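Visitor: 3D model of this:
(chains A and B)
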Protein chains: 2
Amino acid sequence: VAANTQSSEVPAEPMWLSDREQAAWRGLLDLHDRVMARLHQELRRESDLSGPDYSVLVGLSEAPGQLLRARELGALLHWEKSRLSKQITRMEERRLVQRQVCPTDARGSFVVLTDVGRNAIELAAPLHLRHVRECFIDVLTTEQLGQLAEISATVVAQLGCDGAAAAATCDD
Amino acid sequence: VAANTQSSEVPAEPMWLSDREQAAWRGLLDLHDRVMARLHQELRRESDLSGPDYSVLVGLSEAPGQLLRARELGALLHWEKSRLSKQITRMEERRLVQRQVCPTDARGSFVVLTDVGRNAIELAAPLHLRHVRECFIDVLTTEQLGQLAEISATVVAQLGCDGAAAAATCDD
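Guide: Residues are numbered from 1 along each chain as shown, chains lettered A, B, ... in the order given. I've put the predicted structure just below:
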């Protein structure tokens, strides 16, 4: 039904989700949102970092040379350009990261991890990890961990090289 | 190890994740972020709504009377107060929602779905649903859908009544 609809017309018969499908879909959203809300709450209690701060610092700390082009960082985090830009400005004011422009390279600025940022992520990461264990890993069986990894791999493989598309829209 | 650390000290031996644990945890994040990035991309292509617009409209359209207190909406979406406030202001300018203050009730303003907003969500929902099917539901087996629902229920149950806590921090 309506498989090739490209306009904003309403298909005649939307195929609403069955109870089982709904449970899986809402389950994914709930699982992610509830776990992330808890982790952000703990992070804020135990460090000066917000969830978005943490995500940026992890991304940079894992990158070669501890720097990324702004558009690469945006693609990694699946954030839009304006959201990333505001976040980086706030983090720059706190000296957690630094913008660097390469005058011979027109492909945009870099975001670089500073010593302050490195120190912050090294303090926060083990605490964060403890909460990931407590509220997620330790609650599930080894079998369930395997199931989730496989479900993710299946869906992500089918989505294809979406990272590139995300990076492209990030520069719209 | 370091089970009762409340300060920002680094525990002596952080229990890094095993490969299997890492695959499950990164799997959850990738699964969510990649699917949502795709859905937001399609939504933007086929409607005038962003992902956050869509989330707000769904929340209101499913609420009794098609309205929610701002703090209830924030708790539902797991958004912080400032993010919600900016989003609502933008959506009010586009007449998708309306703020209403009740003069006899000190518990904060309501966010109400307008006719424009209702029309927008009724147009977008079937298209959105089609993409949820294509990139998520139809890729997984019935068994996997059941596994994911159960994994989510297990983790969310263990997190307890976190919605209330989220609502509280949302008013900080």
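
Visitor: So which helix or strand of chain A has the lowest pLDDT on average?
Guide: helix A:162-170 (a mean of 41; mean pLDDT, DSSP states H and E).

Visitor: what kind of secondary structure is A:Gly108 in?
Guide: When classified by DSSP: H, G, I helix; E, B strand; the rest coil, A:Gly108 comes out as coil.

Visitor: just the one 4 residues further on next, same as before
Guide: The three-state assignment at A:Val112 reads strand, by three-state DSSP.

Visitor: what about the closest residue to it other than its chain neighbours, distance to chain B?
Guide: Excluding the flanking residues, the one nearest A:Val112 by C-beta to C-beta, 6 or more residues apart in numbering or on different chains is A:Leu67, at 4.2 Å. For the C-beta atoms, the positions are set from N, CA and C on the backbone; glycine is no exception. Distance, A:Leu67 to chain B, by C-beta to the nearest C-beta, to the nearest Å: 22 Å.

Visitor: my read: A:Leu67 touches A:Val111, true?
Guide: Yes. Between A:Leu67 and A:Val111 a contact is recorded at 6.5 Å, counting by C-beta atoms under 8 Å.

Visitor: and A:Phe110, what is it in contact with?
Guide: By C-beta atoms under 8 Å, 6 or more residues apart in numbering or on different chains, A:Phe110 lies in contact with A:Leu67, A:Leu68, A:Arg69, A:Ala70, A:Arg99, A:Gln100, A:Val101, A:Cys102.

Visitor: wait, doesn't the third one sit right on A:Cys102?
Guide: In other words, A:Arg69. No. A:Arg69 lies out of contact with A:Cys102 (C-beta under 8 Å); the separation is 9.6 Å.

Visitor: higher neighbour count, the two?
Guide: A:Arg69 (17 against 11; other C-beta atoms under 10 Å in any protein chain shown).

Visitor: so what's that one bridging to?
Guide: Per DSSP bridges, the residues bridged to A:Arg69 are A:Phe110.

Visitor: helices or strands up against the helix ranked longest in chain A?
Guide: Using DSSP state H to define each element, chain A has its longest helix at helix A:19-46. Packing partners of helix A:19-46 (3 or more C-beta pairs under 8 Å, 6 or more residues apart in numbering or on different chains; DSSP states H and E): helix A:51-61, helix A:115-135, helix B:19-46, helix B:142-159, helix B:162-170.
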